[in-house]
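K.L.:
predicted model, plus sequence, below.
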Amino acid sequence: MTVEQTAPPAQLSRDDRRAMLRTMILIRTYEQAILREYHADKSPGFDIGAGLIPGEMHLSAGQEPVAAGVCAHLTADDALTATHRPHHLAIAHGMELRPMTAEIFGRETGLGKGRGGHMHLFDPATHFSCSGIIAEGLPAALGQAFAFRHAGSDRIAVAVAGEGAANQGAFHESLNLAALWKLPVVFVIEDNDWGISVARSASTSIPSNAARAAGYGMPGIRVEGNDVEAVHAAAGEAVARARSGGGPSLIEVHTLRLWGHFEGDAQGYRPDLEGVPGFDPIPGYEQKLIDAGVVTGADLDVMRGWASEQVEDAINYAKNSPRPNPDEALNYVFVEGPQS
């Protein structure tokens, strides 16, 4: 059955709410720092191949509620697969900032020894992976979920993808197989309204991808409002269902991309740009918790200070880490034929 998220979420504890806000603040602080470092040496003319962090950069400002709400239910033993916009999910799932940042900077101390970059973060410690290939993480999550069930554990897999991925064959194949085998997996779609520069309304024939869950015999729910507490409630039900052997679920969250698809994206295709900052989910949640007496202005200052310390430490660590040796460029890659 497909259900729109309209009922108020279950009551959360004070600690739960503070923890989710803290996670959201850490994510935003991190993305702001990466934004700063990425653009620092790409002027006066923007050169995507220049600087300490060359290449494309996809930042997740605005999508923090998805990461904080879903990952609050996960442990480091659960698997999480993400997209080309992965930092918020990696941080919320507990990835250490130092090796993550070193990988983004292409340094030897990174998760992949600087070979993968920000779209290819692989962390065995938290069972996290991501890819620049659209919908690639869904089949991988099925394999992890299958292995967890075969081992007799209650571990689950979560596959996060964008709304554009819901039009890929891998999405439909994955939902079908997950339902057929009743695998412990949760599918999460981040609907930020834009598949690069294509409006969702121009690419998808239905208003809610959650409706597609019914075609594969699993629950589907769409969460409106980019509300971290509503995401937390929906994810709690889906995670509990997966852990108890009830099978897969699909959650679609109507979230927000505050910045461009990639850094350097002028976003001339977006008619909504002027109003976008007003929908930033973090100030609204901060005020909600202040009004509820959960945090004070002083608490927010402490959270921001802590986040800044963590992030700047990771940035400095990355900058001071060695670059990969060019003589080892073929190490850790598959190469056909005999090696000399």
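P.N.:
Perfect, thanks for sending it.
K.L.:
check which helix or strand Arg155 maps to.
P.N.:
Under DSSP states H and E, no helix or strand contains Arg155.
K.L.:
from Ile206, how far out is the residue nearest to the spatial centre of the chain?
P.N.:
Centroid-nearest residue in the chain: Leu89, 3.3 Å away (criterion: CA atoms, centre = their mean). For Leu89, the distance to Ile206 equals 25 Å [CB to CB, to the nearest Å]. For glycine as for every other residue, the C-beta is placed from the backbone atoms N, C-alpha and C.
K.L.:
ranges for the helices of the stretch 1-150 of the chain?
P.N.:
With DSSP state H, counting those that start in this stretch, the ranges of helices along the stretch 1-150 of the chain come out as 14-39, 64-71, 87-92, 97-104, 137-150.
K.L.:
can you put those in JSON lines and add distance to Pro326?
P.N.:
Converted to JSON lines, the helices of the stretch 1-150 of the chain look like this (distance: least, CB to CB, whole Å):
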{"stretch": "helix 14-39", "distance to Pro326": "23"}
{"stretch": "helix 64-71", "distance to Pro326": "35"}
{"stretch": "helix 87-92", "distance to Pro326": "27"}
{"stretch": "helix 97-104", "distance to Pro326": "18"}
{"stretch": "helix 137-150", "distance to Pro326": "31"}
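K.L.:
tell me which of the ones you listed sits most buried.
P.N.:
helix 64-71 (a mean of 29; mean count of other CB atoms under 10 Å).
K.L.:
now what about that one, what contacts it?
P.N.:
20-21, 23-24, 27-28, 60, 80, 88-89, 91-94, 158, 160, 186, 188, 190, 226-232, 234-235, 251, 253, 255, 281-282, 285 (CB atoms under 8 Å, 6 or more residues apart in numbering).
K.L.:
buried residues in stretch 192-200?
P.N.:
192, 194-195, 200 (16 or more other CB atoms under 10 Å).
K.L.:
for it, what is the average pLDDT?
P.N.:
For stretch 192-200, mean pLDDT is 94.
K.L.:
contacts for it, please.
P.N.:
With contacts defined as CB under 8 Å, 6+ apart, stretch 192-200 is touched by 62-63, 162-164, 191, 203, 254-257, 261, 269-270.
K.L.:
what subset of those residues is buried?
P.N.:
62-63, 162-164, 191, 254-257, 261, 270.
K.L.:
including distance to Thr101, could the residues you listed go into a markdown table?
P.N.:
Putting the buried ones among the contacts of stretch 192-200 into a markdown table (distance: CB to CB, whole Å) gives the following:
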| residue | distance to Thr101 |
| --- | --- |
| Gly62 | 21 |
| Gln63 | 19 |
| Gly162 | 23 |
| Glu163 | 28 |
| Gly164 | 27 |
| Asp191 | 28 |
| His254 | 30 |
| Thr255 | 24 |
| Leu256 | 24 |
| Arg257 | 22 |
| His261 | 22 |
| Arg270 | 29 |
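K.L.:
in strands only, show me those.
P.N.:
162, 191, 254 (DSSP state E).
K.L.:
give me the number of residues near Gly152?
P.N.:
6 (other CB atoms under 10 Å).
K.L.:
which helix or which strand is home to it?
P.N.:
Using DSSP H and E, Gly152 falls within no helix or strand.
K.L.:
same deal with Gly305?
P.N.:
helix 297-319.
K.L.:
sketch out the low-pLDDT regions of the stretch 201-340 of the chain for me.
P.N.:
By pLDDT under 70, the weakly predicted segments of the stretch 201-340 of the chain are 337-340.
K.L.:
and the strands in it, which stretches?
P.N.:
220-223, 249-254 (DSSP state E, counting those that start in this stretch).
K.L.:
okay, these in TSV with distance to Arg115 next?
P.N.:
Below are the strands of the stretch 201-340 of the chain laid out as TSV (distance: least, CB to CB, whole Å):
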stretch	distance to Arg115
strand 220-223	36
strand 249-254	32
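K.L.:
deepest of the ones you listed, which one?
P.N.:
Comparing the strands of the stretch 201-340 of the chain by mean neighbour count (mean count of other CB under 10 Å), strand 249-254 comes out on top with a mean of 27.
K.L.:
name the residues that touch that one?
P.N.:
The set of residues external to strand 249-254 that reach it, using CB under 8 Å, 6+ apart, is 65-66, 69-70, 163, 166, 175, 186-191, 193, 208-210, 212-213, 218-226, 231, 234-235, 237-238, 241-242.
K.L.:
sheet partners, orientation included, of that strand?
P.N.:
Looking at strand 249-254 with DSSP bridges, its partner strands are strand 185-191 (parallel), strand 220-223 (parallel).
K.L.:
CA atoms of the strand or helix carrying Phe171 as PDB?
P.N.:
Element membership of Phe171, judged by DSSP H and E, is helix 169-181. The C-alpha trace of helix 169-181 is given here as PDB (Å, rounded to 0.1, in the frame of the first residue of the first chain):
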ATOM      1  CA  GLY A 169      16.100  -0.400 -15.000                       C
ATOM      2  CA  ALA A 170      18.300  -1.200 -11.900                       C
ATOM      3  CA  PHE A 171      15.700   0.400  -9.700                       C
ATOM      4  CA  HIS A 172      12.800  -1.800 -10.900                       C
ATOM      5  CA  GLU A 173      14.900  -4.900 -11.100                       C
ATOM      6  CA  SER A 174      16.100  -4.300  -7.500                       C
ATOM      7  CA  LEU A 175      12.700  -3.700  -6.100                       C
ATOM      8  CA  ASN A 176      11.300  -6.800  -7.800                       C
ATOM      9  CA  LEU A 177      14.100  -9.100  -6.500                       C
ATOM     10  CA  ALA A 178      14.000  -7.600  -3.000                       C
ATOM     11  CA  ALA A 179      10.300  -8.300  -2.700                       C
ATOM     12  CA  LEU A 180      10.500 -11.700  -4.300                       C
ATOM     13  CA  TRP A 181      13.200 -12.800  -1.900                       C
END
